[in-house]
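1. Test case, fold it:
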Amino acid sequence: KVFIMIDVDGSGTLTKDEILKSVKADKKVIDFLVNCGNQNLQYLLVPARLEAALLELDTDKSGEVDLPEWEAAIETALANKIQARQEKREAAAKAAQAEIAEFTAQFLGAAQKCFEMIDKDDSGTLTKAEITRSVSEDEDVIKFLRDCGEPNLQFLLVPARLQKSLEILDTSKDGELDLQEWEDAIRRGLAKRLDDMAEERERRERA
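-> Next up, the predicted model:
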């Protein structure tokens, strides 16, 4: 379609004059060339580079660009766009993996530190008294639990729900949270946070 728009005399070839007129005045032609993905076609929009671009496109050196030459350039443009899209996807995937790895390491590190801050007597378990004290006094503990993504850990911050949350988290029913029970909850929270991050990445990509 763009070839036909430039080929105003219907000769089946594009002369330099036809190209010059189109790249100056035809918005549809200009928009197509800007986004086509072929550098030589894009250079038709740059007066200082137009002559060299025409020489590259005119492979039979006839002085004009015929339909097969145009289609060859378009095929190159399509291949370039596909490659660029693939490279963009690969770069996004690599960036996402790096983001996940970094966040996971930071999250698990913060979770371990939070456990240690609550475990005042270094017994390796968290008593109700230790938890109650920490969630009322320790800002670092409060911040981590608030953002951890695991509802029962978050409910430790709500006095009316603390006992019920402890009962759910204490799967061994010994009245305390040991490190394994804590880490099980943390893994659930991490999974939720990673899901939220994946949704946010999708929103950014769609925007």
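
2. Residue 70 versus residue 30, what's the distance?
-> When distances are taken as Cβ to Cβ, to the nearest Å, residue 30 and residue 70 turn out to be 16 Å apart. C-beta here means a position set from N, CA and C on the backbone, and glycine is covered the same way.

3. Look at those two and report which has more neighbours.
-> residue 70 (18 against 15; other Cβ atoms under 10 Å).

4. What are the boundaries of the helices in the protein?
-> Here the chain has its helices, by DSSP state H, at 2-6, 16-25, 27-35, 39-43, 47-57, 67-118, 128-137, 139-147, 151-154, 159-169, 179-206.

5. Dump those to CSV, plus mean pLDDT.
-> Compiled in CSV, those are given as follows (pLDDT from 0 to 100):
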stretch, mean pLDDT
helix 2-6, 91
helix 16-25, 91
helix 27-35, 91
helix 39-43, 90
helix 47-57, 91
helix 67-118, 93
helix 128-137, 96
helix 139-147, 96
helix 151-154, 96
helix 159-169, 96
helix 179-206, 93
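
6. The residue nearest to residue 46 when sequence neighbours are not counted: neighbour count?
-> What sits nearest to residue 46 in space, not counting adjacent residues and going by Cβ to Cβ, 6 or more residues apart in numbering, is residue 53, at 7.9 Å. By the measure other Cβ under 10 Å, the count of residues near residue 53 is 21.

7. just residue 100 next, same as before
-> For residue 100, the neighbour count with other Cβ under 10 Å is 14.

8. State the distance from it to residue 179.
-> 24 Å.

9. cool, and residue 24?
-> For residue 24, the distance to residue 179 - Cβ to Cβ - is 72 Å.

10. Out of those two, name the residue with the larger neighbour count.
-> A side-by-side neighbour count of residue 24 and residue 179, using other Cβ under 10 Å, places residue 179 first with 15 against 11.

11. The more buried one is in contact with residue 122, isn't it?
-> No - applying Cβ atoms under 8 Å, one finds residue 179 not in contact with residue 122, separated by 11.8 Å.

12. Can you pull up the most central residue in the protein?
-> With distances taken as Cα atoms, centre = their mean, residue 201 lies nearest the centre of the chain, 4.3 Å away.

13. ok, for that residue, nearest residue in space, not its chain neighbours?
-> For residue 201, the spatially nearest residue (Cβ to Cβ, 6+ apart) is residue 96, at 6.0 Å.

14. Now do the one you found: how many residues are near it, please.
-> Applying other Cβ under 10 Å, we find 13 residues neighbouring residue 96.

15. swap in residue 166?
-> 20.

16. List the contacts of it.
-> Residues in contact with residue 166 (Cβ atoms under 8 Å, 6 or more residues apart in numbering) are 128, 131, 156, 177.
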